[in-house]
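Visitor: quick one, structure for this:
(chains A and B)
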Amino acid sequence: MLEISIAIILSCCALGAAIAALTGIGPALGEGGAVAKSCEAVGRQPEAKSAVTSTMIIGCALAETTGIYALFVAILLIFVAPGSFVNILMNALGR
Amino acid sequence: MTKRKPGFIIVDILYLSIAILPLLFGMALKIFTNPAESGISIHGARIFFKAPFILGGIVITETQINSLVAMLFILGMALFLTHGISKIPNTKRQFIAEWAVSKVEGLVGENMGQSFMNLVPFIMAILSLSAVSSLLTLIGIYPPTCDVNTIAGWALTVILFIEYYRFKCGPWGFIKSFLEPLPPLAPLNLIGEVATPFAMTLRHFGNVLSGSIIGALIAAFTAYVSKTVFGALPGILSEIPFFQIGIPAFLSLYFDLFSGCLQAFIFSMLAMLNISSAFDADGFEKRRAKREAKLKLAASQNSK
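Guide: Sure, this is the predicted structure:
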């Protein structure tokens, strides 16, 4: 029984990490839009290329934040969560 | 090119050794203290030494050693590049140093305005430290930016600057800056204030960490592929991981070189934007004008 419970905990942590990685869709769309618009802007005004590029990089960095948070959730779920969940289970069982 | 004295060259070699020797020391430390690894190994900084003290003891890790290595490298390079500078630049190193300083000055002047020119050394320090720390992966030692504590320290210095510039408009201005645009929004402003260093830390750390994790995964994957493809070869040929030659290095060109420099730029850029947006220039000018008027009034009353 205990083995099955631990197996469920581990597999759910891995599944949760996989689902958290799906957050990458959001930043990808956002950054793609930002880069597309900045390409248009450079095409329209080639003399403003450096200003557009640095603004785009800052915007991309801000848009990336949610992706980074998702990465953190995934890393915590893989490296930290299984141990703490198993500890909770052990404490609940009194072992 | 003027002919140099031998003393000049000796000091040059001294400065260069300040820059280069720590790197060799870091590599030697990595070679001698790292156990042999196989497969995927993703781990934090290695702990070298732990002394008993309050709050769980003083821990000396790879992060601290490698940050010192990066700092000494920057110190040595700065000393070397500015050694023997003259009013009219005539050496290559002076051109390089002036190029770097004028670039950062232009960045600060463009993004923060001329009133923040005293922050140029701080921005330069953060930029160079972050870039050099991230680029330490190129010589194979653990980058300090891969540890969240390093970047949290930098973000804390940035938040100190933010609060300092917020406080320049006086205590009342400090409180009033949290009550904008409406007083009921004060809790949200406080949360935003706490979230700023948090987000800056996590952005930089997450990018470097994801690069290192993907690097480890690719190295393990190429080893596995070459084992399955060339495993049937006779003798020692089956042992050589052919796919590991070149492919991980090519990918680390993006993840280490480009991403490291880009994150340094983004971190210093966000620090600049946050600091300059915390400073209320109009309020500061108004306050200073008021104070000067008061002083003038007091002086005229004293003279009567």
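Visitor: can you count the residues close to residue A:89?
Guide: Residue A:89 sits with 15 neighbouring residues when counted by other CB atoms under 10 Å in any protein chain shown. All C-beta atoms are positioned from the backbone trio N, CA, C, and that covers glycine.
Visitor: whoops, residue B:57 was the one
Guide: So residue B:57, with other CB under 10 Å, has 10 neighbours.
Visitor: over to residue B:289?
Guide: So residue B:289, with other CB under 10 Å, has 10 neighbours.
Visitor: so it: helix, strand or coil?
Guide: Following DSSP: H, G, I helix; E, B strand; the rest coil, residue B:289 is assigned to helix.
Visitor: how much space between it and residue B:256?
Guide: Applying CB to CB, to the nearest Å, the value for residue B:289 to residue B:256 is 51 Å.
Visitor: same question, residue B:230
Guide: On the measure of CB to CB, residue B:230 and residue B:256 end up 27 Å apart.
Visitor: those two - which one has more neighbours?
Guide: residue B:256 (21 against 15).
Visitor: the more buried one touches residue B:138, doesn't it?
Guide: Yes. Counting by CB atoms under 8 Å, residue B:256 touches residue B:138, with 5.9 Å between them.
Visitor: what's the neighbour count on whichever residue of the stretch 51-200 of chain B sits closest to chain A?
Guide: The stretch 51-200 of chain B approaches chain A most closely through residue B:199 (6.0 Å), counting by CB to the nearest CB. A total of 18 residues lie near residue B:199 under the criterion other CB under 10 Å.
Visitor: check residue B:251 too.
Guide: That count, for residue B:251 with other CB under 10 Å as the rule, works out to 16.
Visitor: how about residue A:45?
Guide: 11.
Visitor: residue contacts, it?
Guide: Residue A:45 sits next to residue A:52 when contact means CB atoms under 8 Å, 6 or more residues apart in numbering or on different chains.
Visitor: likewise residue B:84?
Guide: B:4, B:8, B:91.
Visitor: that one in helix, strand or coil?
Guide: Per three-state DSSP, residue B:84 ends up coil.
Visitor: distance of it relative to residue B:19?
Guide: For residue B:84, the distance to residue B:19 equals 16 Å [CB to CB].
Visitor: model confidence score at residue 71, please.
Guide: With no chain named, the answer covers chain A. In this prediction, residue A:71 carries a pLDDT score of 87.
Visitor: I was after chain B.
Guide: For residue B:71, the predicted pLDDT is 93.
Visitor: helix/strand/coil for it?
Guide: Under three-state DSSP, residue B:71 falls in the helix class.
Visitor: that one against residue B:129, yeah?
Guide: Yes. Residue B:71 is within contact range of residue B:129, at 6.9 Å (criterion: CB under 8 Å).
Visitor: if you count what's nearby, which of these two comes out ahead?
Guide: residue B:129 (22 against 17).
Visitor: list the contacts for the residue most central in space within chain A?
Guide: Centroid-nearest residue in chain A: residue A:70, 2.3 Å away (criterion: CA atoms, centre = their mean). Contact analysis of residue A:70 by CB under 8 Å, 6+ apart lists A:20-24.
Visitor: so which of the residues you listed is the most crowded?
Guide: residue A:20 leads those on contacts (other CB under 10 Å) with 19 neighbours.
Visitor: name the element that residue belongs to?
Guide: helix A:2-21 (DSSP states H and E).
Visitor: over to residue B:50?
Guide: strand B:47-51.
Visitor: for the closest residue to chain B within chain A, what are its contacts?
Guide: Going by CB to the nearest CB, chain B is nearest to residue A:68 of chain A, at 3.6 Å. Counting by CB under 8 Å, 6+ apart, residue A:68 touches B:202-203, B:206-207, B:210.
Visitor: what packs against the host helix or strand of residue B:27?
Guide: Under the criterion of DSSP H and E, residue B:27 resides in helix B:6-33. Helix B:6-33 is packed against helix B:62-81, with contacts defined by 3 or more CB pairs under 8 Å, 6 or more residues apart in numbering or on different chains; DSSP states H and E.
Visitor: which residues does the helix it packs on contact?
Guide: For helix B:62-81, using CB under 8 Å, 6+ apart, the contacting residues are B:12, B:15-20, B:22-23, B:25-26, B:29, B:45-46, B:48, B:93-94, B:96-97, B:128-129, B:132-133, B:136, B:141-144, B:147, B:149-150.
Visitor: is any residue of the next helix or strand after that helix near chain A?
Guide: On the C-terminal side of helix B:62-81, the nearest following helix or strand under DSSP H and E is helix B:92-111. No. Using CB under 8 Å from any CB of the partner chain, helix B:92-111 stays clear of chain A, with a minimum separation of 8.6 Å.
Visitor: packing partners of helix B:92-111?
Guide: Helix B:92-111 packs on helix B:62-81, helix B:120-135, helix B:259-278, going by 3+ CB pairs under 8 Å, 6+ apart.
Visitor: one more time with 10 Å
Guide: helix A:49-63, helix B:62-81, helix B:120-135, helix B:259-278 (3 or more CB pairs under 10 Å, 6 or more residues apart in numbering or on different chains; DSSP states H and E).
Visitor: coming back round to it: near chain A too, which of the contacts of residue A:68?
Guide: Here is what survives when those are matched to chain A using CB under 10 Å from any CB of the partner chain: B:202-203, B:206-207, B:210.
Visitor: okay, the residues you listed in TSV with secondary structure next?
Guide: Formatted as TSV, those follow (three-state DSSP):
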residue	secondary structure
B:202	helix
B:203	helix
B:206	helix
B:207	helix
B:210	helix
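Visitor: pick the one among those closest to residue B:108.
Guide: residue B:203 (20.6 Å; CB to CB).
Visitor: could you report the neighbour count for residue B:207?
Guide: Neighbourhood size, residue B:207 [other CB under 10 Å]: 24.
Visitor: how near is the nearest residue to it once chain neighbours are set aside to residue B:201?
Guide: Closest residue in space to residue B:207, ignoring its immediate chain neighbours: residue B:263 at 5.0 Å, by CB to CB, 6 or more residues apart in numbering or on different chains. Per CB to CB, residue B:263 is found 12 Å from residue B:201.
Visitor: shared neighbours of the two, which are they?
Guide: Counting by CB atoms under 10 Å, 6 or more residues apart in numbering or on different chains, the common neighbours of residue B:263 and residue B:201 are residue B:151.
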